[in-house]
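Undergrad: give me the fold of what follows.
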Amino acid sequence: GREGETLFARCCESKGLKWIPSTKNEDMYSHIDGYATDGSVSISVDVKGAKERVCLEFKNVRGNDGWLYVKASQIAFLSPDKSYFLLVPRYNLMAYAEKFMFKPIKNTKELYYLYSRIGRDDIMTFCTFEDLHKLENTKIWKL
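TA: The predicted model follows:
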């Protein structure tokens, strides 16, 4: 969480952009960690930490819409080696993830299947960080 957001703020600064952290309410309910802006145009961003296996959340623990279906326009994934961010348009990521919606639900974090934890209302799937590179309009922002 916080490490990724701090690194992303630095990354924005190196690109001449300003990072404006979101409100607590925006973070909690809209999954927006902040806004990258050049002063005239802003993009809303949800920053994700460095992982080889990426969790794509359809429903959260309470059964509400997961972060794939809320308001951030871009999802910024910190690379596993922490050398760059991969910015993925949320709509493209959502379309990619929905290909797995008809897979069975398992209680293992097996790639490309739906996963739900016992006693929770969450539904998610897992892909690899490398899978994200193949999505359309994805951008690399080096640290």
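Undergrad: where does pLDDT dip in the protein?
TA: 1 (pLDDT under 70).
Undergrad: longest helix in it, by number of residues?
TA: helix 2-14 (DSSP state H).
Undergrad: and the residue most central in space within the chain, how far from residue 104?
TA: Centroid-nearest residue in the chain, with C-alpha atoms, centre = their mean: residue 75, separated by 3.9 Å. Computed as C-beta to C-beta, to the nearest Å, the residue 75 to residue 104 distance reads 26 Å. Glycine gets a C-beta too; all of them are placed from N, C-alpha and C.
Undergrad: do the same with residue 29
TA: 30 Å.
Undergrad: more neighbours: which of those two?
TA: More crowded of residue 29 and residue 104, by other C-beta atoms under 10 Å: residue 29, with 13 against 7.
Undergrad: may I have the phi/psi pair for the residue nearest to that one when sequence neighbours are not counted?
TA: In space, and not counting its chain neighbours, residue 29 is closest to residue 70: 7.4 Å by C-beta to C-beta, 6 or more residues apart in numbering. For residue 70, the backbone dihedrals are phi -100, psi -140 (criterion: degrees, to the nearest 10).
Undergrad: residue boundaries of the helices in this structure?
TA: Under DSSP H, the chain gives helices at 2-14, 24-25, 90-97, 129-133.
Undergrad: any idea how far the residue nearest to residue 29 is from residue 93?
TA: From residue 70 across to residue 93, the span is 12 Å (C-beta to C-beta).
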